[in-house]
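Chemist: give me coordinates for this.
(chains A, B, C, D and E)
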Amino acid sequence: MRIGVFICHCGSNIAGTVDCAAVAAKAATYPDVAYATDIMYACAEPGQDAIIAAIKEHQLSGVVVASCTPRMHEPTFRKTVERAGLNRYMFEMANIREHVSWIGKDIEANTNKAAELVRMAAAKLRLNKELKPKSFPVTKRLLVVGGGVAGIQAALDAADAGLEVILVEKQPTIGGKMAKLDKTFPTVDCSSCILGPRMVDVAQHPNITLYAYSEVESVSGYVGNFDVKIRKKASYVDWVKCTGCGLCTEKCPARKSYDRFNEGVGPTTAIIIPFPQAIPKKASIEREHCRLLTGGKCGVCAKVCPTGAINYAMEDEIIEARVGGIVAATGYDLIDWKIYEEYGGGRYPDVVTSLQYERMLSASGPTGGHIKRPSDGVEPKDVVFIQCVGSRDPSIGRPYCSGFCCMYTAKQAILTKDHIPDSQSYVFYMDIRSPGKGYDEFTRRVQEEYKARYIRGRVSLVYPKGNKLIVRGADTLMGVQVEVEADLVVLAVGAEAASESAKLAEKLRISYDSYGFFMEGHPKLKPVETNTAGVFLAGACQGLKDIPSSVAQGSAAAAKAIGLLSRDMLDSDPQIAFVSANRCVGCGKCIEVCPFKAIQEIDLRGQPKAEVIETVCQGCGLCNATCPQGAIQLSHFTDNQILAEVEALCRF
Amino acid sequence: MVMNTDTAQKFVSFEALPAFLAKLAAGATLYAPRRENKAVVYRPWQAGDKVELSLRPTESCKHVVFPRSEELFSFDMGGDPEKPGKAGLTLQEASEPGPAVVFAALSCDARGFLAFDPVYDGCGTGGKAKDTYYLKRREKTTLIVRTCKSSLNTCFCTWVGGSPASSEGADALLTEINGGYLLEAVTDKGASLLASLPAASDEQSAASRAAREQAVQSAPQPPQDMIKAPAALGALFDSAAFWEKQSAHCIYCGACTYLCPTCYCFNITDESNGLKGLRMRSWDNCMSPLFTLETSGHNPRQEKANRLKNRVGHKFSYYPKIHSGRFSCCGCGRCIKSCPSSVDIRKIVLDAIKEAANV
Amino acid sequence: MSVLNTKELRIIGFLCNWCSYGGADTAGVGRFTQPTDLRVVRVPCSGRINPLFILKSLLGGADGVLVSGCHPRDCHYAEGNFYARRRLELLKGFLPVLGIDPRRFEYTWVSASEGQRWQHVVEAFTAQIHGLGPARGWPEAPELEILNAVAR
Amino acid sequence: MSEQSGATPQRPAFTPGLSNPYLPMPAKVIEVITETPTIKTFRVVLQDEKLMKEFSFEPGQVGQLSMFGSGESTFVINSPPTRMEYLQFSVMRAGENTTALHSLEAGDIVGVRAPLGNYFPYDSMKGKDIVFIGGGIGMAPLRTLLLFMLDNRKDYGKISLLYGARSPQDMAFGAELPDWIARPDLDCVLTIDREAEGWPHRVGLIPNVLLEMNPSPKNCIAITCGPPIMIKFTLQALEKLKFSPEQIVTTLEKRMKCGIGICGRCNIGDKYVCVDGPVFTLAQLKEMPNEL
Amino acid sequence: MSIQDDIKAAIAKALQDIPCVIGWGAGPEPLRATPLFMRNAADVENFTAGFLAVNNPALYLPSCKGVKTALVVKGCDARSVGQLVAENLVKRDELYLIGYPCSGVIDVDKVAARLEGKCEPGEVTRLREENEDVILDTPGGEVRLAKKDIAADKCARCRYPNAESADVFIGEKRAPVVDQDEYADLADFEKLSLEERKAFWEKELSRCIRCYACRNACPLCVCRDHCVASSREPHWLTQADGVRDKLFFQLIHATHLAGRCTGCGECERACPVGIPVLTLKRAFSRQVEDMFGYMAGIDVNTTPPLLTFRLEEPEIKEREW
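Modeler: Predicted coordinates:
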């Protein structure tokens, strides 16, 4: 083999703390290295051209580039060597930036370490084999998980592009958090008026299959062909028969049920249609509230249902589907604000969350759009908004800014004035964060035009006094303690990833951060991709964002999915396991552990042998580490290749 | 070179033995049987070491002349500054072995070397390709064997032309007598080693003679028809049933071959690190299926029955055919004694003779 | 090499590509300074790591071996790290049988987002190995000496 | 073996270049020819010019080709002794070492231990008709004798070659085939197992084509080499054609290490293929234990 | 009739439907039996069970695959069979197990120790069993030894003397030994310091001749013909005679046996040079039992612990760094 080694300066990123020329000189002495040089920017066009020229001039049969992390530019350089006529797998990278130059300033140690990493890479490369991908057909169907505005957008865009889309929504209706909002900032236009038609589009789109009140049970398979099981939860109502007339909800005697859609602002019935514009507009019974399902006596809804849609014996149903790609758009939840004792820890009925307040403002909400104190139904005059409840608070492990609270608080203050012209709003805030288009103007308007009093400071205590709530806090601008007598306190509760996002991430085999937000492929360059091919992200599940950003990301995820699924065939990654049949004893241990069921037992001249199903294998190498005789090896990461790297360190 | 034995009888008392050993160890690597855990092995002797003479050694001393692994040569493919990654080739033969003495080996061990000698002397190529590694070591090794006082159940040296008091293949013979050991040189090499010792008295010589006779007396009687073994094994070559039955309990480990004083097969492998490395040889064994596995996947001796057949056949048929009837077996019985599943090569040979007679 | 022989020890890290290698990258991007001893072998998954790689390293002259994978439940391949956890835990408990200080081997979980945690892991492990000092080697057949570029 | 057949392989003709028979002679690869997807031919020249000049061997003898660090494998020297500009080895990629050998490029250094083993009894074949029957990589040992005989053409009677491979792509020595076909003094028949587009020659398994060719056993020697299954049926065909065991010569392949009759693995009974072979007549093989 | 005769009757009966029954027969010398492959009545006559029935017949099962085979098994042998079945390496319905109550088997090395100064075990010309003793004829006269003093270590702590999984059981079941700690055999070794342990292995392994009897005697070592010990792909080991390679092979064996070893001890017994290789496997077994509550070869329906996992591993104290 004739190896070429290229030590990248990355400007001064590497060259600043690594003597690249010295590393190249050292590399020239390594086995099979026929050419070694340092290079200013290996990834830039002149750098890539230089690599190609060197491959041709020196008849190189393998290339090592020592530069940044392979997670960044390995694909780039693989294409480079391919352009020079080499197989793309005759290439190795040594990470001398993230793992060397950026983490220490000792030039001698860094130079030595870089040279050793290059030696490891070259030692491995000597055992690399040319690998060729296999192509396999793609299922042109997209799964969108989550029917909030981001998921709706992704589903519609993909469906409009001709893809079949399966949209799975946990709740009985799509719409997500946006459907709960009364108005949206900064235009103060009606949330359901803009979202409603999009929801209807989903219901009517011939390419979209909607599974509401359903959850993703399991995902197997891989990009191009995921096999998904969807659990359609028992609604106890046959939705084929249900016309959404609502008679059952009127007659249901269990009237003290928690109203999830309305955030518990007032009770509801056990059989519900979440809200008038719900999609699908179908009734469903919440089991824990239903008298028949819990106590065995009732059956009113069944009696009144004109179509006989009620079915108390209904069970969860598992639907299986094969899809080529998946968009996760599972949104967010509010944090549990009741941990804050200073706000009463949930004991004061007139301390409400911002989302509850949205429902109180909404004309279709339980109060019919009239703002009433939950405790006595009286219209409040002094309303205090407390910002950053659970945002930017390292003490509860939520150091981040939720991003949209400043804006919706401003909107709610405006709406408060609109609803109750003689009211006064007070806003306790830390900073006003309003960097969007028209956003800062909006927060000024609420103060200047709507006369909301903005107080920069934290609230230290809320306590009841008579039928008022005393809000005590600091005005840090004035440097004084303030106390406000409030009729209603609205908490701008911070958001976190949806409660079950981690579980979904595990099913999708994607990463998530410590708050449960899904990890994008690259924070800058791959904001909607994940590290699992074929899985894309949209909306707040990736990180908190407001409606326009969620919609944009929904479209972006759809665009990525459309790009992927526009192809008839995909190339499988050839870095997969292979069996040396004459060494395999057919013990089946690899089959037992393979997470992908990618290994099957075959009969070879009467002997049982393992065989890798090439398009199913994902290249984890668990089988390789399990096979006692090493008969199954992971291409590109064979035992000998890893041993060569170990020896390259231990023998020196 | 065999010399007149009568003139070279020496005596070393039990007390004087350590001093004698120290003298031997001063001029060469001295190997002597040593007790280690449950085994008795030939190890380089150091002052203070007890020589284990009450138990017979578990292993043979063949590793003294045929190390379990040894370098044949080393190579270096680097060195050309113009073409650093790959350039020339420098081969360096392994360094010369130093002198060695084996003290108190079994008499059968020495006879084992007689099976090695013609093969390593290049008989296969008509003497043209000699195994210099073995020959040099053999030449530099002086072998002192001991008379066996008794026989074990597994001993059968007398079946294959040996005897408990044989000095064939050795340079000197050690016999325990009252108060110490009588040492008798067989070759000049042996004699020079014993030179410093006091001559044995006639009484001591007689005692030694008596001890040797006693040992020969107590040795097992050889069966009548061992001479038929080569033909019998040849006749049974295609008798799969016979070999399957004989090998049924064999677990085809290499214990028998590695303990065997006459097994000389080896493997050659390369090890390298980057541009440098070595070609080495290491013991190999015909009971391993890999021994004859061809690159194509074909294996002429895929079944253990075939491998056992080859092992027994080699010792009692093929080898004698090439080497004037001499068995490639010294009857030490280690293969039987240490076989984890108690395969008994004597039984196989006798069964074969019996079976062939019936055919 | 010469100077570093005295100030660095031989520490080998086996990192899964998806989480820990990414975490080490994140640490680099964040310029979180780390000791220079560690050399990383990138593998797809901690499940790929045969415990024998670690034993081979420790017998072959490594002073310390660090394995890091995705946190349990976060494996890119769903299950690899669960298997790794069992195997590596057993291995760690086994090392004392060989007379190898078990602190020469550690395994941990670092996600791709945990750059700071990676920095901490490297610092702590390197300090631990320096605390233990160079490992005592295991004798090899003398003829293999030529394979060592540097006599240890 | 009857005197009359004359097909008695010689005793070993080991002529080591050095006193240590395990020490290979360094040699430089001067040319690499990709014959088929799995077969490459290497032409090597001993680095020591004097050794190269003095080097002699007989057709059919083998050599151990070393890739330092990987190991040695045995291959026949398939260039004839009449053409000593280089020594030629053809290597089918199958195991670890042959895979390593396939990575060799011109200019690389290898080790050669040669010549080893016996050779084709070409003297006793003088004046006779010769039929070569080669299958796949089995053509390599035949090539050396074929070229040797063509270079000494007057010594032999009619020379025929039947060379078969699975497909046109698997046919080694492609560059030489046109010449062989064109030669008036060689009757060259090529065949492939199954019909392939553009293939102008025969189609059919070697034993069948051999029967069609119907060579006369009279004063004729058949020399065959190829994969075991082909050999098995070719021998049957030759017997059907009334070739006696003495008239059939083949060359064997075994796992070998030392190449000088010591290491013990290539034996068939008391015969060591590395020194007593690799060339045997069928008559000899019939005398030996059946352990191929 | 003695148990021995009853077993013979059971073997004879088994041979009516099954071509081969594996048990034990007379060995090359009085202290050793040898595995016996019985195919007919004459073979059965050579059968012997009892104190000399040392070899583990489960060893031969993988090579009997596809052919119904009967085994006479001790409790420990049955565990090996159980593990092979659990791992689907042999099919239970291809097996017929004849069990009997085992009261321990001989350890010839212990006999050697008892005979020290008198003779070698290889000089014993006859062995007779008499209740709990054996009487040996030696060149120096009769020597009487208590069986318990010369029984294998594993017998002193045998919890499964009865081959519970046998298809037919001959004789009265014995009570298992419960008073000795299951891992008492590790106690002495564990008193050593880390330095001493390293020195211990260096010394012991230096004696290894790489014959791989340990491997080939192991009923659960299933790669045999394809063992990585001598492969180049993968190339874990050199063939050199050094402690590092030799120990590494033992580590390969031990790691491959982790969670699978039933502690039958055949590896150590087979070692011709007396290297205590079982210690390595026992150390793994103890950890496996502590960590996963798993003892190999007991329950054929449980997946061996290294081929499965739990989401939460209560016994694994993952280190937080």
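Chemist: which residues does B:Tyr134 contact?
Modeler: B:Tyr134 is in contact with B:65-66, B:116, B:120, counting by C-beta atoms under 8 Å, 6 or more residues apart in numbering or on different chains. Heads up, the C-betas are built off the backbone N, CA and C, glycines and all.
Chemist: what distance do you get for it to chain C?
Modeler: Per C-beta to the nearest C-beta, to the nearest Å, B:Tyr134 is found 16 Å from chain C.
Chemist: same check on D:Gln169?
Modeler: 35 Å.
Chemist: find the nearest non-adjacent residue to that residue, please.
Modeler: D:Thr36 (5.9 Å; C-beta to C-beta, 6 or more residues apart in numbering or on different chains).
Chemist: list just the nearest of the contacts of B:Tyr134 to A:Ile174.
Modeler: Nearest to A:Ile174, judged by C-beta to C-beta, of those is B:Phe66 at 81.3 Å.
Chemist: SS state for that closest one?
Modeler: What DSSP: H, G, I helix; E, B strand; the rest coil gives for B:Phe66 is coil.
Chemist: tell me the SS of the nearest residue to it once chain neighbours are set aside?
Modeler: Nearest residue to B:Phe66, sequence neighbours excluded (C-beta to C-beta, 6+ apart): B:Tyr134, at 6.0 Å. Counting by three-state DSSP, the backbone at B:Tyr134 sits in helix.
Chemist: rewinding a little: how many residues are close by the residue nearest to D:Gln169?
Modeler: 22 (other C-beta atoms under 10 Å in any protein chain shown).
Chemist: now A:Ala94
Modeler: 30.
Chemist: that one - that's part of a strand, no?
Modeler: Yes: assigned with three-state DSSP, A:Ala94 falls within a strand.
Chemist: quick one, what contacts the residue in the stretch 51-200 of chain A positioned nearest to chain C?
Modeler: Nearest to chain C, among the residues of the stretch 51-200 of chain A, is A:Glu98, at 2.8 Å (C-beta to the nearest C-beta). Neighbour list for A:Glu98: A:68-69, C:24-25, C:27-29 [criterion: C-beta under 8 Å, 6+ apart].
Chemist: for chain B, see how far away it is.
Modeler: 27 Å.
Chemist: where does that residue fall, phi/psi-wise?
Modeler: phi -60, psi -30 (degrees, to the nearest 10).
Chemist: look up how far A:Pro280 lies from it.
Modeler: In this view, A:Glu98 and A:Pro280 are 49 Å apart by C-beta to C-beta, to the nearest Å.
Chemist: re earlier: the residue nearest to D:Gln169: what secondary structure?
Modeler: coil.
Chemist: residue contacts, it?
Modeler: D:165, D:169-172.
Chemist: could you look up the SS state of whichever residue of the stretch 51-200 of chain E sits closest to chain D?
Modeler: Nearest residue of the stretch 51-200 of chain E to chain D (C-beta to the nearest C-beta) works out as E:Ser63 at 20.8 Å. At E:Ser63 the chain is in helix, as set by three-state DSSP.
Chemist: now swap in the one 3 residues further on and tell me
Modeler: When states are read from three-state DSSP, the local structure at E:Gly66 comes out as coil.
Chemist: spit out the contact partners of the residue of the stretch 51-200 of chain D found nearest chain B.
Modeler: Of all residues in the stretch 51-200 of chain D, the one sitting closest to chain B is D:Gly69 (3.3 Å; C-beta to the nearest C-beta). Taking C-beta under 8 Å, 6+ apart, we find D:Gly69 in contact with B:75, B:270-272, B:277, D:100.
Chemist: okay, and which of those map to strands?
Modeler: B:75, B:270-272, B:277 (DSSP state E).
Chemist: which among these are in contact with chain D?
Modeler: B:75, B:270-272, B:277 (C-beta under 8 Å from any C-beta of the partner chain).
Chemist: contacting residues for the residue minimising distance to the centre of chain D?
Modeler: In chain D, the C-alpha nearest the mean C-alpha coordinate belongs to D:Pro141, at 0.9 Å (C-alpha atoms, centre = their mean). Contacts here follow C-beta under 8 Å, 6+ apart; on that basis D:Pro141 touches D:60, D:76, D:78, D:225, D:251, D:278.
Chemist: how far away is it from chain C?
Modeler: 35 Å.
Chemist: repeat that for B:Asn178.
Modeler: 43 Å.
Chemist: one step back: which one of the contacts of B:Tyr134 sits closest to E:Cys76?
Modeler: B:Phe66 (38.1 Å).
Chemist: that closest one touches B:Leu135, doesn't it?
Modeler: No: judged on C-beta atoms under 8 Å, B:Phe66 makes no contact with B:Leu135 at a distance of 11.0 Å.
Chemist: and the residue of chain D found nearest chain A, how many residues sit next to it?
Modeler: Nearest residue of chain D to chain A (C-beta to the nearest C-beta) works out as D:Ser103 at 5.9 Å. For D:Ser103, the neighbour count with other C-beta under 10 Å is 17.
Chemist: any idea how far it lies from B:Ser218?
Modeler: Look at D:Ser103 and B:Ser218: by C-beta to C-beta, they are 63 Å apart.
Chemist: so E:Glu204 touches B:Asn37, yeah?
Modeler: Yes: between E:Glu204 and B:Asn37 there is a contact under C-beta under 8 Å: 6.8 Å.
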